[in-house]
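Trainee: Okay, sequence plus prediction incoming.
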Amino acid sequence: MYRLIRGTAAYNIFIGIAIIYLIWKLTLALKMELLSDILGKFLGGGFIALIIVFQQEIRKFLLMVGSTNFASKKGFLRHLKFLKTEIATPNEVEELVTFCDEMSKIRTGVLIVLARDNSLEFVKMTGDSQYIVVNKSILKSIFYKNSPLHDGAVIVENNIITATRVILPIENTIDIPAHFGLRHRAALGISTRTDAVVLVVSEETGQISYINNGVFVLFEDMEDLKEIIKEDLNY
């Protein structure tokens, strides 16, 4: 659950509520009856408010629990830190980031979804099923502008390209800069509905974006981006 709210406004709200709870316990210990009564009523009536505030995170958590990936042995073990298994390899991250860097220089549009725990079957079914080990040459052939596979997103699971030409849900409720286009809204769409992370290269500007949980993650350079992805993929 922490990973779902980390870096979001909900995380800050959770911290604020935790602080209020600690203050309430302190007022009880100090027998500050009026203040403790006020804080107690605030916390007592806050359950419904918490559901409203965390509805997106709760939805994603329930989706994770009910997903086919979570139900599998490998997916379940990933939730146990002492038995943690990798869902990607260092080579995969190197290939993906280097590929995006090269596509950025020639302004070729790219949209790559990296699966984590949630099942992506509901979007994979909109595209073409594949089973190809991730490498730059294959990715170049997919995203080359005249390639029949160029349109749509690529799904990567466990270092394997499992689908191409995938249609992702579009997110229109989040404000983004005017120079960002449909790829970025699609990246936001899948990242707000699942725990997948997304790499985007803008065809117009060549800018590389990395989206996690509906947030554009800032990075200093390609090496920094690699480290961020590795952290998000639980290395």
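Mentor: Structure's in. What do you need? Numbers count the residues shown, from 1 in each chain.
Trainee: how much space between the nearest residue to residue 116 once chain neighbours are set aside and residue 202?
Mentor: The shortest distance from residue 116 to any non-neighbouring residue, by Cβ to Cβ, 6 or more residues apart in numbering, is to residue 195 (4.7 Å). (C-beta placed from N, C-alpha, C; glycine too.) Going from residue 195 to residue 202 by Cβ to Cβ, to the nearest Å gives 24 Å.
Trainee: Correct me if wrong, but residue 113 is in a helix.
Mentor: No. Per DSSP: H, G, I helix; E, B strand; the rest coil, residue 113 lies outside any helix segment and is strand.
Trainee: Could you report the neighbour count for it?
Mentor: Neighbours of residue 113 under the rule other Cβ atoms under 10 Å: 27.
Trainee: give the contact list for it.
Mentor: With contact taken as Cβ atoms under 8 Å, 6 or more residues apart in numbering, residue 113 is in contact with 120, 123, 153-156, 166, 168, 187, 190, 196-198.
Trainee: The helix or strand bottoming out on mean pLDDT in the chain: what's the following helix or strand?
Mentor: In the chain, no helix or strand scores lower on mean pLDDT, DSSP states H and E than helix 73-77, which sits at a mean of 44. As assigned by DSSP states H and E, the chain's next helix or strand after helix 73-77 is helix 90-105.
Trainee: Show the average pLDDT along that following helix.
Mentor: Average pLDDT, helix 90-105: 91.
Trainee: Quick one: mean pLDDT for the longest helix anywhere in the chain?
Mentor: In the chain, assigned by DSSP state H, the helix with the most residues is helix 9-29. Average pLDDT, helix 9-29: 73.
Trainee: and it, what does it pack onto?
Mentor: helix 33-44, helix 47-53 (3 or more Cβ pairs under 8 Å, 6 or more residues apart in numbering; DSSP states H and E).
Trainee: at 6 Å instead, please
Mentor: Packing partners of helix 9-29 (3 or more Cβ pairs under 6 Å, 6 or more residues apart in numbering; DSSP states H and E): helix 33-44.
Trainee: Can you report how many residues lie near residue 131?
Mentor: With other Cβ under 10 Å as criterion, residue 131 counts 9.
Trainee: Could you do residue 192 as well?
Mentor: Residue 192, neighbours per other Cβ under 10 Å, totals 18.
Trainee: Buried residues, the helix or strand hosting it. List them.
Mentor: Using DSSP H and E, residue 192 falls within helix 182-193. By neighbour count with 16 or more other Cβ atoms under 10 Å, helix 182-193 contains the buried residues 183, 184, 185, 186, 187, 188, 189, 190, 191, 192, 193.
Trainee: The fourth one reaches residue 168, doesn't it?
Mentor: Okay, so that is residue 186. Yes. Using Cβ atoms under 6 Å, residue 186 is in contact with residue 168, at 3.9 Å.
Trainee: which stretches of the protein aren't confidently modelled?
Mentor: 1-14, 42-90, 235 (pLDDT under 70).
Trainee: if you set the cut-off to 50 instead, what comes out?
Mentor: By pLDDT under 50, the low-scoring segments of the chain are 1, 4-5, 7, 68, 70-87.
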